[in-house]
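Q: the amino acid sequence is not available; the structure is as follows:
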């Protein structure tokens, strides 16, 4: 009995010594005096945060002397790093600093959206891991990329053999670590697919714990039916659904968000897991090909169709309809050229201004002719075809996440959409501080834990002990987006520090050049 007591006391002593060693251990960073908005939606609270390695080690009152480096966050908000669930950031392979994202406070991006992804994600992930990256990176597998690999850009249903090949392809990418499946049903070749095809591929993704993200089939006249299709795919494949860049597009349909937001909420009441993401702007951005009829873009010979007088006439009539009824209405400057390497003088200008610059009459027919001329080269456009009322109604819905739909930019190249530089600061400045559409805590939830939950990231998105030290420190009174449609290449203000996996990538608003990011693998990754 005496030996047992001695042994017990010895164990207690060892435990006490071990505990005190932990308590005496210095933190790599201590973030002091901040208002912690933890990402859950709960009210902010004041606390210090101690970081060791890539983890949050302690939250509470921490003496300054316990930190190897102390970040004074007095008057600042300390939140989880922002997670951008909808991006096209495959460009990190060329620019691993992801400069326009980390300067917004984004610490994790999800690429492979709108049906387009790298093929062989396994190889792509290895390349990124080898070179390093400033933020964390995950990817969906793109249905359009898979379909194009198996079938080419053909407007037909797959054969049984082709469908099986696509299913195996998707399975391979899920085992490589994809977090889900994306579709771009308004683009080729996704536009040529039928619902059943997507359901079969989504079933494969469901088995590996992924989710389904959809650029729906029509964001204009048939937006309701297109959302219903995404929901049907989710139900039949037993998979969570994310409706991408949720919007009401086209002047003639402004106000219809009352219907679409209600549809999402009623669907969730039925127990169906559907959420949406949104960028906080009244303009979209994509290529001019979106103005073309899908049949005209089939195969590799689509440029030849423009040279055929009869086919060109049909194509022009379609473009005129799209411009006048869905994209520009009575203002041709609603369509603004973002990137045109062949003639940079027209970048940032609308179709009306370009026609006048070319000394051509401003008519729908000439606008369509201009589109046909510009389409022959690489280009992107910005489409000012959404209303602020719809944006606000969507942004305050609890099922909406904030996302950029952006890409890695080259500074001062082209006139891209300002969302590439300003999405997250804009939400916090415009819709939290200025307009009070949503609370600070709710905005941060939509940027962090909500996105982490959708993707299946268990160790990020919340400020809590043992979670990954992806952290943003910003001034809630001065944070704002500076990027505009006229001058988009401007970093935001008010973001003091950004930490990724416990390392500082933005220090007093300056990029440090460190590359501490990691690949975020989906739950289906092979061990």
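A: On my side now, so go ahead. Since this is a predicted model, take the numbers as computed values, not measurements. Numbers count the residues shown, from 1 in each chain.

Q: make it CA atoms for all contacts and neighbour counts henceforth
A: Noted.

Q: tell me who's in contact with residue 318.
A: In this structure, residue 318 makes contact with 291-293, judged by C-alpha atoms under 8 Å, 6 or more residues apart in numbering.

Q: my error: substitute residue 393 in the last question.
A: Applying C-alpha under 8 Å, 6+ apart, the residues near residue 393 are 257-258, 261.

Q: do residue 107 as well
A: 81-83, 101, 135-136, 470-471, 498-500.

Q: now do residue 450
A: By C-alpha under 8 Å, 6+ apart, residue 450 lies in contact with 401, 461.

Q: need the pLDDT of it.
A: The model reports residue 450 with a pLDDT of 98.

Q: how much space separates it from residue 405?
A: Distance, residue 450 to residue 405, by C-alpha to C-alpha, to the nearest Å: 17 Å.

Q: can you report phi and psi for residue 121?
A: Per-residue torsions, residue 121: phi -60, psi -30 (degrees, to the nearest 10).

Q: ends of stretch 317-328, what's the gap?
A: With C-alpha to C-alpha as the measure, stretch 317-328 spans 15 Å from end to end.

Q: before we move on, back to that, list just the nearest of the contacts of residue 107 to residue 28.
A: Using C-alpha to C-alpha, residue 499 comes nearest to residue 28 of the contacts of residue 107, at 12.1 Å.

Q: hmm, the closest one is touching residue 468, no?
A: No: between residue 499 and residue 468 there is no contact under C-alpha atoms under 8 Å: 10.0 Å.

Q: now list whatever residues contact both of those two.
A: Joint contacts of residue 499 and residue 468 (C-alpha under 8 Å, 6+ apart) do not exist.

Q: picking that back up, turn the contacts of residue 318 into TSV, including distance to residue 226, secondary structure and neighbour count.
A: Converted to TSV, the contacts of residue 318 look like this (distance: C-alpha to C-alpha, whole Å; DSSP: H, G, I helix; E, B strand; the rest coil; neighbours: other C-alpha atoms under 10 Å):
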residue	distance to residue 226	secondary structure	neighbour count
291	18	helix	21
292	19	coil	20
293	18	coil	16
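
Q: just put the residues you listed in a markdown table and tack on pLDDT and distance to residue 351.
A: A markdown table is the format used below for these (pLDDT from 0 to 100; distance: C-alpha to C-alpha, whole Å):
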| residue | pLDDT | distance to residue 351 |
| --- | --- | --- |
| 291 | 93 | 13 |
| 292 | 91 | 16 |
| 293 | 92 | 19 |
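
Q: any idea which helix or strand comes after the helix-or-strand element of the chain with minimal mean pLDDT?
A: Of all helical and strand segments in the chain, the minimum by mean pLDDT, DSSP states H and E falls on helix 2-24, at a mean of 47. Per DSSP states H and E, the first helix or strand lying C-terminal to helix 2-24 is strand 27-36.

Q: now that next one: mean pLDDT?
A: The average pLDDT within strand 27-36 is 98.

Q: tell me which of the contacts of residue 318 is nearest to residue 422?
A: When the contacts of residue 318 are compared against residue 422 (criterion: C-alpha to C-alpha), the nearest one is residue 291, at 26.6 Å.

Q: now that closest one: how far from residue 111?
A: 24 Å.

Q: if we can go back for a sec, of the contacts of residue 107, buried ones?
A: 81-83, 101, 135-136, 470-471, 498-500 (16 or more other C-alpha atoms under 10 Å).

Q: dump those residues into a markdown table; add distance to residue 277, secondary structure and pLDDT as well.
A: What follows is the buried ones among the contacts of residue 107, written out as a markdown table (distance: C-alpha to C-alpha, whole Å; DSSP: H, G, I helix; E, B strand; the rest coil; pLDDT from 0 to 100):
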| residue | distance to residue 277 | secondary structure | pLDDT |
| --- | --- | --- | --- |
| 81 | 17 | coil | 98 |
| 82 | 14 | strand | 98 |
| 83 | 12 | strand | 98 |
| 101 | 17 | helix | 98 |
| 135 | 20 | coil | 98 |
| 136 | 19 | strand | 98 |
| 470 | 21 | coil | 98 |
| 471 | 22 | strand | 98 |
| 498 | 23 | strand | 98 |
| 499 | 24 | strand | 98 |
| 500 | 23 | strand | 98 |
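
Q: strands of the stretch 51-200 of the chain, start to end?
A: Per DSSP state E, counting those that start in this stretch, the stretch 51-200 of the chain carries strands over the ranges 55-60, 67-72, 77-80, 82-84, 106-111, 136-139, 141-142, 180-184.

Q: now those as CSV including distance to residue 252?
A: Output for the strands of the stretch 51-200 of the chain, formatted as CSV (distance: least, C-alpha to C-alpha, whole Å):
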stretch, distance to residue 252
strand 55-60, 50
strand 67-72, 51
strand 77-80, 39
strand 82-84, 30
strand 106-111, 32
strand 136-139, 35
strand 141-142, 31
strand 180-184, 23
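
Q: quick one: closest of the ones you listed to residue 233.
A: Closest of those to residue 233 is strand 180-184, at 11.4 Å (criterion: C-alpha to C-alpha).

Q: name every strand pairing with the closest one and say which way it goes.
A: Here strand 180-184 is paired, per DSSP bridges, with strand 141-142 (parallel), strand 211-215 (parallel).
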